[in-house]
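> sequence first, then the predicted structure, then my questions.
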Amino acid sequence: EDVRNPKPPAMRPLRLAGAAIALALVAAFASAGSRDKVFFLGPMKTGTTSLSKLFAGKGYNTCHGECMGKNWAVVTRSNSASSPVLSQHDAFMDHGDHADYVWLAKAYPTARFVLNTRELKSWIVSRADHARRNRVAAGCTPWGTASTCRRANSNFVDNSAGKIRSWIIDGAEHQRKVISFFDSSSQLRNRFAVVDVEGQGPNSLNRVLDWVTRVNLKNMPTKTVVLRPKDVPLAQARTDIRPPDANSNSHSEATKEHVVKVIKELGCTVATWHDTLYGPCAKQIKKNAS
């Protein structure tokens, strides 16, 4: 370059802007490659498809249920952080109630954990209707145990009263154990939150997720476990992303009637049907059976 005839000054900002953009891109990729993992510990039918799309949109490499031919939650039970399923993804959802979250919390000391849930009745209806569709497709009766629909291609066909009872009791116990574990220390408490993907509005949901996935865990610490939006020490959401309604299957009216009949007979009062933590209904079921 001829220093006696430098390029016009107007060209220099362009070169600087290009360099700034390049640096920004490098920083963005570095951040994406080193981001903390997020594990969703809720069961199937708790907004996992919407969460997968939401986090993919945020730049996460998500594992929704199965990836690389393996169920991520089952993989965690092998306690191997070198598994490609775990090492090559950074957001995990669906069947989280089968994951070894105690090991995960130790293996990934800065990972974040979210207990995704939804109202009890709508959760049971969604599961029961999923089983009904599988049963009807196989030519079986709409309701029943797995033994009454052996010819189905899916193993998710049991929507009997007994199975619904176990969904509620097992679901409540899982929630209790998860919350108790993450509320056992300040370090764990600040890496955990409960979200209701279906019931929370976009601002409320983004506020909880923005907090739990914050870059620095020392920022905005909480002294109480985050069970609801009002517990979040963040005044305003930092992102404005509307969760996609990615799995809006309409449910059979017959399924809704079936579920209402069953949970009434089990002893759950109407007041518990809209709970996102299932302990009260489970307690009533046990009391009714005694």
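Nice, I can see it.
> what's the end-to-end length of stretch 51-65?
By Cα to Cα, to the nearest Å, the extent of stretch 51-65 from end to end equals 12 Å.
> figure out how far it is from the centre of its chain.
How far stretch 51-65 lies from its chain's middle: 10 Å, per Cα atoms, centre = their mean, to the nearest Å.
> any idea of the mean pLDDT in stretch 177-196?
When pLDDT is averaged over stretch 177-196, the result is 98.
> so which bits of it are buried?
Neighbour-count burial for stretch 177-196, counted by 16 or more other Cβ atoms under 10 Å, picks out V178, I179, F181, F182, R189, N190, R191, F192, A193, V194, V195, D196. Just so you know, the C-beta spots here come from the backbone N, C-alpha and C atoms, and that holds for glycine as well.
> quick check: phi and psi at the last one.
This means D196. Taking degrees, to the nearest 10, you get phi -110, psi 90 for the backbone angles of D196.
> excluding its backbone neighbours, what's nearest it?
T276 (4.8 Å; Cβ to Cβ, 6 or more residues apart in numbering).
> name the element the one you found belongs to?
Assessed by DSSP states H and E, T276 sits outside every helix and strand.
> next, count neighbours for the closest residue to R77 other than its chain neighbours.
The shortest distance from R77 to any non-neighbouring residue, by Cβ to Cβ, 6+ apart, is to D100 (5.1 Å). Residues near D100, counting by other Cβ atoms under 10 Å, number 16.
> hmm, back to that, so which of the buried residues of stretch 177-196 are in strands?
Among the buried residues of stretch 177-196, the members falling in strands are F192, A193, V194, V195, D196 (criterion: DSSP state E).
> for the host helix or strand of F92, which helices and strands make contact with it?
Per DSSP H and E: F92 is located in strand 91-93. Here strand 91-93 touches strand 38-40, helix 48-57, strand 62-64, going by 3 or more Cβ pairs under 8 Å, 6 or more residues apart in numbering; DSSP states H and E.
> what pairs with it, parallel or antiparallel?
Paired strands of strand 91-93, with direction, are strand 38-40 (parallel), strand 62-64 (parallel) (DSSP bridges).
> and the contacts of the first one?
So that's strand 38-40. With contact meaning Cβ atoms under 8 Å, 6 or more residues apart in numbering, strand 38-40 is reached by 48, 51, 55, 60, 90-94, 96, 99, 101, 104, 111-116, 212-213.
> beta partners of the residue minimising distance to the centre of the chain?
The C-alpha lying nearest the average C-alpha coordinate of the chain belongs to F40 (Cα atoms, centre = their mean; 3.7 Å). Listed beta-bridge partners, F40: V114 (assigned using DSSP bridges).
> and the strands in the stretch 51-200 of the chain, which stretches?
Along the stretch 51-200 of the chain, counting by DSSP state E, counting those that start in this stretch, strands occupy 62-64, 66-67, 70-71, 91-93, 112-117, 192-196.
> out of these, deepest packed?
Ranked by mean neighbour count under mean count of other Cβ atoms under 10 Å, the strands of the stretch 51-200 of the chain are led by strand 91-93, which reaches a mean of 28.
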